[in-house]
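> only geometry, no sequence info:
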């Protein structure tokens, strides 16, 4: 893929709860990381579509935000730098694993992508992503601590980055791979009999917001847990009626590849503007 800018057709996010033990400290799940990246690489060799890979921060940057007090003191430059360093350490592991699997992975820090003010992303430098895609590379986007024009610093979460990129680049599909197989009306870690919701539309959002929780007890998540992710994606599909978002478990072999391909057998939960 060479030449002019290329609009990506697919976004894939590997969640922090999938790649790390969120109850630990910088505790990567090495076997999971190796397996899911190998699955992505195998799929991409067969279907070399433009793909943006993103990943969460799990027990790396989320824990650093808590330990440094960055959320309460975003103007502290040392706290910002420490959170950014933690996010970069996980990204380096993801990029190195992708390179070993034969993917032309290049890190794209959220601090370079996002222009922030008052704690929100006000502008996205999407050309950084499209230029990498045009060169045949795999952009690896990750949530980060970013400079903020009004309060010094801000958390540019992976979901917020993907939403801003989707608004700019209009992908056809977004796959969120996490440690649960879709969206559940109750926490499946507490109720093993819980059944995932097959489909969601923006109309389901208000009722669902009360049912979904944030971070699980014993874990640290400064970006709202599953509730924040689902609400952001429902808002996104409402703005882009042709977009499909699917939330699947990366712990289920084959789920990520099936979801990337848009297969009806992908499982998990499908989010669209209309049923």
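Okay, I see it. As the structure is a computational prediction, the values presented were derived from the model and not from experiment.
> Tell me the pLDDT of residue 189.
pLDDT, residue 189: 77.
> Residue 69: what's it in contact with?
Taking CB atoms under 8 Å, 6 or more residues apart in numbering, we find residue 69 in contact with 76, 79. Yep, even glycine has a C-beta here, placed from its N, CA and C like the rest.
> I misspoke; the intended subject was residue 42.
By CB under 8 Å, 6+ apart, the contact set of residue 42 is residue 257.
> Check the secondary structure at it for me.
Classification of residue 42 using DSSP: H, G, I helix; E, B strand; the rest coil returns helix.
> What pLDDT is listed against it?
For residue 42, pLDDT reads 98.
> Ok, residue 223 next?
49.
> For residue 79, what are phi and psi?
Backbone torsions for residue 79, taken as degrees, to the nearest 10, come to phi -60, psi -40.
> ok, and the closest non-adjacent residue to residue 195?
Ranked by CB to CB, 6 or more residues apart in numbering and with sequence neighbours excluded, the top spatial neighbour of residue 195 is residue 184, at 7.3 Å.
> Just confirm that neighbour contacts residue 190, I think it does.
No. Judged on CB atoms under 8 Å, residue 184 makes no contact with residue 190 at a distance of 9.9 Å.
> who has more neighbours, those two?
Neighbours per residue (other CB atoms under 10 Å) separate residue 184 from residue 190, with residue 184 holding more: 19 against 11.
> Provide a list of residues in contact with that one.
Shown in contact with residue 184 (CB under 8 Å, 6+ apart): 194-197.
> And those, which is closest to residue 255?
Distance to residue 255 across those (CB to CB) is lowest for residue 196, with 11.8 Å.
> who touches the closest one in this structure?
Going by CB under 8 Å, 6+ apart, residue 196 touches 180-184, 188, 267-269.
> Try it again at 7 Å.
Residue 196 makes contacts with 181-184, 268-269, as judged by CB atoms under 7 Å, 6 or more residues apart in numbering.
> burial of residue 194, as a residue count?
Using other CB under 10 Å, residue 194 has 14 neighbouring residues.
> Quick check: it touching residue 188?
Yes. Using CB atoms under 7 Å, residue 194 is in contact with residue 188, at 4.4 Å.
> Strands of the stretch 51-200 of the chain, start to end?
Ranges of strands within the stretch 51-200 of the chain are 51-55, 105-109, 114-117, 120-124, 138-142, 144-148, 152-156, 173-178, 199-200, based on DSSP state E, counting those that start in this stretch.
> Can you lay out those as CSV showing distance to residue 99?
Below are those laid out as CSV (distance: least, CB to CB, whole Å):
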stretch, distance to residue 99
strand 51-55, 12
strand 105-109, 6
strand 114-117, 25
strand 120-124, 25
strand 138-142, 9
strand 144-148, 20
strand 152-156, 24
strand 173-178, 20
strand 199-200, 35
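> Out of the contacts of residue 196, who's the most crowded?
With neighbours taken as other CB under 10 Å, the top of these is residue 183, carrying 27 neighbours.
> Could you check how many residues crowd around residue 227?
When neighbours are defined as other CB under 10 Å, residue 227 has 17 of them.
> from here on, count from 33
Yep, numbering from 33; the last one is residue 259 now.
> ok so it is a strand residue?
No. Assessed with three-state DSSP, residue 259 is helix; it does not lie in a strand.
> where's residue 204 relative to residue 76, distance?
To residue 76, residue 204 is 16 Å away according to CB to CB, to the nearest Å.
> ah, wrong one, I meant residue 293
Distance from residue 293 to residue 76, by CB to CB: 11 Å.
> Check which residues of the lowest-mean-pLDDT helix or strand in the chain are buried.
The weakest-scoring helix or strand in the chain, judged by mean pLDDT, DSSP states H and E, is helix 237-243 (a mean of 78). Within helix 237-243, the residues scored as buried using 16 or more other CB atoms under 10 Å are 237, 240.
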